[in-house]
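In: Got a predicted model here, sequence first, then my questions.
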Amino acid sequence: MIDNNRLSLMPKILKTFATIMSAEHGEVLVTVTTAQPLDSSQEGHLQQVLERFTKKGQKLNITKKVDAALIGGMVVSIGDRYVDMSTASKIKHYSKIIEETVV
């Protein structure tokens, strides 16, 4: 990689390798981004709901992030699925509809 001047690709290669190894071990990578940190009861409920999306024998590997720009709600990425339930995306969507209607 050094000889071909591709050392800058190393972080992406390592991340991809980790994803492949997780899948090999039956882990499902989940990223949950919320506007505010979740309390323990919310985390437990979220875990139960997310487990419904997994097959028998799979384990959830949940990464939690906080992004105040979401205003409210959450964004969930589970495996190859992406669900945006944030208030910010709803505001953006409805603003676009209003703008199209006015024009």
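Out: Structure received. This is a predicted model, so every value here is computed, not measured.
In: Just the CA atoms of the least confident helix or strand in the chain by mean pLDDT, as PDB, please.
Out: Lowest mean confidence among the helices and strands of the chain (mean pLDDT, DSSP states H and E): helix 10-24, at a mean of 91. C-alpha atoms of helix 10-24 as PDB (Å, rounded to 0.1, in the frame of the first residue of the first chain):
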ATOM      1  CA  MET A  10      -6.100   2.300   5.400                       C
ATOM      2  CA  PRO A  11      -8.900   3.600   7.700                       C
ATOM      3  CA  LYS A  12     -11.600   2.800   5.200                       C
ATOM      4  CA  ILE A  13     -10.100  -0.700   4.600                       C
ATOM      5  CA  LEU A  14      -9.900  -1.400   8.300                       C
ATOM      6  CA  LYS A  15     -13.600  -0.300   8.800                       C
ATOM      7  CA  THR A  16     -14.700  -2.500   5.900                       C
ATOM      8  CA  PHE A  17     -12.700  -5.400   7.300                       C
ATOM      9  CA  ALA A  18     -14.300  -4.900  10.800                       C
ATOM     10  CA  THR A  19     -17.800  -4.900   9.100                       C
ATOM     11  CA  ILE A  20     -17.100  -8.100   7.300                       C
ATOM     12  CA  MET A  21     -15.800  -9.800  10.500                       C
ATOM     13  CA  SER A  22     -18.800  -8.600  12.400                       C
ATOM     14  CA  ALA A  23     -21.100 -10.200   9.800                       C
ATOM     15  CA  GLU A  24     -19.100 -13.400   9.900                       C
END
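In: for that helix, the distance to its chain's centre please.
Out: In terms of CA atoms, centre = their mean, to the nearest Å, the centre of helix 10-24 is found 16 Å from the chain centre.
In: what does it rub up against?
Out: Contacting residues not belonging to helix 10-24 are listed as 1, 28-29, 61 [CB atoms under 8 Å, 6 or more residues apart in numbering]. Any C-beta I mention is one placed from the backbone N, CA and C, and that applies to glycine too.
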